[in-house]
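[1] structure of the sequence below:
(chains A and B)
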Amino acid sequence: DAKTTQPNSMESNEEEPVHLPCNHSTISGTDYIHWYRQLPSQGPEYVIHGLTSNVNNRMASLAIAEDRKSSTLILHRATLRDAAVYYCISHNAGNMLTFGGGTRLMVKP
Amino acid sequence: DTGVSQDPRHKITKRGQNVTFRCDPISEHNRLYWYRQTLGQGPEFLTYFQNEAQLEKSRLLSDRFSAERPKGSFSTLEIQRTEQGDSAMYLCASSFPGFYEQYFGPGTRLTVT
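    As a prediction, this is how the structure comes out:
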């Protein structure tokens, strides 16, 4: 799995959109980009994944750069419950996940 | 609740003792994963099963660690002769093969004194 790079932390105001960046410059053509998040004292939770096209689900949107070397997780309206560590993972063919340090998102009321 | 469950949630043990953790995956999932997470770090893969077969083990899984999934349902992770460095959160996850989403349990927090 390719290495991913994320900022250590980010802050957002409640009810505003949040854009969480991830660089994966060594990603291979068959690697999917996954996002998980981990709320305090809980196990990680799947958020979204994609290969080339942008993806939307009820939790978030994933915007993937045309060259696939970076992606952005978009939370459309941050709530206090979105405060968590967000992990971006480059992943191929469904075995173990390789987590990095993630981005700690703080949401201010 | 049909999610992944883990037991116990917390375990405190003395160095040198053996401990065993249990994971019950989501019932239709035939893949089961174990991860370990130390404070401030992301989870690290330990091992995974497809049904009862253990298909991959990390080099992190020393000889003191053993995992089983005897009937392809629940799994146990045993640590023998625990060391202080084993103190961590042990996470279990499950998935369908070919599906990318892994569903995690709440974890077992191990403290070795």
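[2] is A:Thr103 in contact with A:Thr4, as I believe?
    No - at 10.5 Å, A:Thr103 does not count as touching A:Thr4 under the criterion of CB atoms under 8 Å. Where you see a C-beta, it was placed from the backbone N, CA and C, and this is true even at glycine.
[3] more neighbours: which of the two?
    Neighbour totals were compared for A:Thr103 and A:Thr4, and A:Thr4 leads with 25 against 21 (other CB atoms under 10 Å in any protein chain shown).
[4] so where do the strands sit in the chain?
    All of this is about chain A. A:9-13, A:18-23, A:32-38, A:45-50, A:55-56, A:61-64, A:70-75, A:84-91, A:103-108 (DSSP state E).
[5] try again with chain B
    Using DSSP E, the strands of chain B run over B:5-7, B:10-13, B:19-24, B:31-37, B:44-50, B:53-57, B:65-68, B:75-79, B:88-95, B:103-104, B:108-112.
[6] chain center to the third one, what's the gap?
    Its chain's average C-alpha position is 7 Å from that of strand B:19-24, according to CA atoms, centre = their mean, to the nearest Å.
[7] give me the helices and strands touching it, please.
    Counting contacts by 3 or more CB pairs under 8 Å, 6 or more residues apart in numbering or on different chains; DSSP states H and E, strand B:19-24 packs against strand B:5-7, strand B:10-13, strand B:75-79, strand B:108-112.
[8] out of those strands, which comes closest to B:Tyr35?
    strand B:75-79 (10.4 Å; CB to CB).
[9] report the buried residues of the closest one.
    B:Ser75, B:Leu77, B:Ile79 (16 or more other CB atoms under 10 Å in any protein chain shown).
[10] now swap in stretch A:78-98 and tell me
    In stretch A:78-98, counting by 16+ other CB under 10 Å, buried: A:78, A:82-91, A:94-98.
[11] which one of those residues sits closest to A:Ser70?
    A:Cys88 (9.6 Å).
[12] how about the residue nearest to that closest one when sequence neighbours are not counted, what does it touch?
    In this structure, A:Cys88 finds its nearest non-sequential neighbour in A:Cys22, 3.4 Å apart by CB to CB, 6 or more residues apart in numbering or on different chains. By CB atoms under 8 Å, 6 or more residues apart in numbering or on different chains, the contact set of A:Cys22 is A:Thr4, A:Thr5, A:Gln6, A:Ile33, A:Trp35, A:Ser70, A:Ser71, A:Thr72, A:Leu73, A:Cys88.
[13] tell me the confidence at the nearest residue to the fourth one once chain neighbours are set aside?
    In other words, A:Ile33. Spatial nearest neighbour of A:Ile33, chain neighbours left out: A:Ser71 (5.0 Å); criterion: CB to CB, 6+ apart. Note on A:Ser71: pLDDT of 96.
[14] residues near the closest residue to A:Ser9 other than its chain neighbours, how many?
    The shortest distance from A:Ser9 to any non-neighbouring residue, by CB to CB, 6+ apart, is to A:Arg104 (4.4 Å). Close neighbours of A:Arg104, defined as other CB under 10 Å, add up to 17.
[15] ok, back up a step: and which of the contacts of A:Cys22 is nearest to A:Glu14?
    Of all those, A:Leu73 has the smallest distance to A:Glu14: 17.6 Å, by CB to CB.
[16] measure the closest one to A:Gln42 for me?
    As judged by CB to CB, to the nearest Å, A:Leu73 and A:Gln42 stand 18 Å apart.
[17] who's more crowded, those two?
    For A:Leu73 versus A:Gln42, neighbours defined as other CB under 10 Å are more numerous around A:Leu73 (25 against 14).
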